[in-house]
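# any chance you could fold what I've pasted below:
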Amino acid sequence: MKTLSEQMAFYSAYHRDARNKATHFVGVPMLIFSFLIPMGWLRFHIVEWDITLATIFAVSVLLYYYALDMVLALAMTVLVGFIYYFADKVSQMEMMTSLIVFISTFVAGWVIQLIGHAIEGRRPALVDNLFQIFVAPIFLMAEVFFAIGLKKNVEAEVEKLVVNHLPASK
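Residues are numbered from 1 along each chain as shown. Next up is the predicted model:
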């Protein structure tokens, strides 16, 4: 498994412009929210708990984040837990309402991010590596940590590695 810095260096090469990153701070949480809604429709009652595909998916992704970095994963657990809570509430609404919320947040999340990539002039990282869709959330959390002066060793390592993924100069 690649390290956090290796994962982030690839992703960071596609997100050098602050305006592009800003669109992702809006679009990525919207997409997480939207993805969890239809996964919440698949609900199983086991003993006294409702287990959904969204629960299984969120826990699986968070376990991956814990393997990458414990501190960032803890922060992601809080964020994902918050998003999961509201997505689960929407998934239990009347189907047409839930579907409308899913479609509108899914489309808006992608449009916002694609605007950022148009500004930067670089295609999304997931075009070259679909797995980057899972890196985006922890990348953004790391950016928050970097901005407040934390995880500077990770930031330095990412900047050292990102040159391997930057497009060739014209």
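# Val144: neighbouring residues, count only.
Other residues near Val144 come to 14 when the count uses other CB atoms under 10 Å. For the C-beta atoms, the positions are set from N, CA and C on the backbone; glycine is no exception.
# and Asp17, its phi and psi?
Comment: the main-chain dihedrals of Asp17 come out as phi -90, psi 130, following degrees, to the nearest 10.
# once you drop chain neighbours, what's closest to it?
Excluding the flanking residues, the one nearest Asp17 by CB to CB, 6 or more residues apart in numbering is Glu120, at 4.1 Å.
# who's in contact with the one you found?
Neighbouring residues of Glu120 by CB atoms under 8 Å, 6 or more residues apart in numbering: Tyr14, His15, Arg16, Asp17, Arg19, Asn20.
# which pair of those spans the longest distance?
Maximum pairwise distance in the contacts of Glu120, criterion CB to CB, is 13.5 Å, between Tyr14 and Arg19.
# more crowded one of the two?
Here Tyr14 and Arg19 are compared on neighbour count by other CB under 10 Å; more neighbours surround Tyr14, at 25 against 11.
# so the more buried one touches Asn129, yeah?
No. Using CB atoms under 8 Å, Tyr14 makes no contact with Asn129, being 9.6 Å away.
# which SS state does the spatially most central residue of the chain fall under?
Among the residues of the chain, the one closest to the centroid is Pro137, at 2.7 Å (CA atoms, centre = their mean). Taken by DSSP: H, G, I helix; E, B strand; the rest coil, the conformation at Pro137 corresponds to helix.
# thought it was touching Gly27?
No. Under the criterion of CB under 8 Å, Pro137 makes no contact with Gly27, lying 11.1 Å away.
# for this protein, what spans make up the helices?
Secondary structure of the chain by DSSP state H: the helices cover 4-13, 18-41, 53-68, 70-91, 95-120, 125-128, 132-147, 152-162.
# ranking those by burial, who's on top?
Per residue and on average, the most neighbours among the helices of the chain fall to helix 4-13, with a mean of 22 (mean count of other CB atoms under 10 Å).
# just the CA trace of it, in CSV.
Written as CSV, here are the backbone C-alpha positions of helix 4-13 (Å, rounded to 0.1, in the frame of the first residue of the first chain):
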residue,chain,number,x,y,z
LEU,A,4,-0.2,8.9,2.7
SER,A,5,2.4,11.2,1.2
GLU,A,6,2.6,9.1,-2.0
GLN,A,7,-1.2,9.1,-2.3
MET,A,8,-1.4,12.8,-1.7
ALA,A,9,1.5,13.7,-4.0
PHE,A,10,-0.3,12.2,-7.0
TYR,A,11,-3.6,13.9,-6.0
SER,A,12,-1.8,17.2,-5.2
ALA,A,13,-0.3,17.4,-8.7
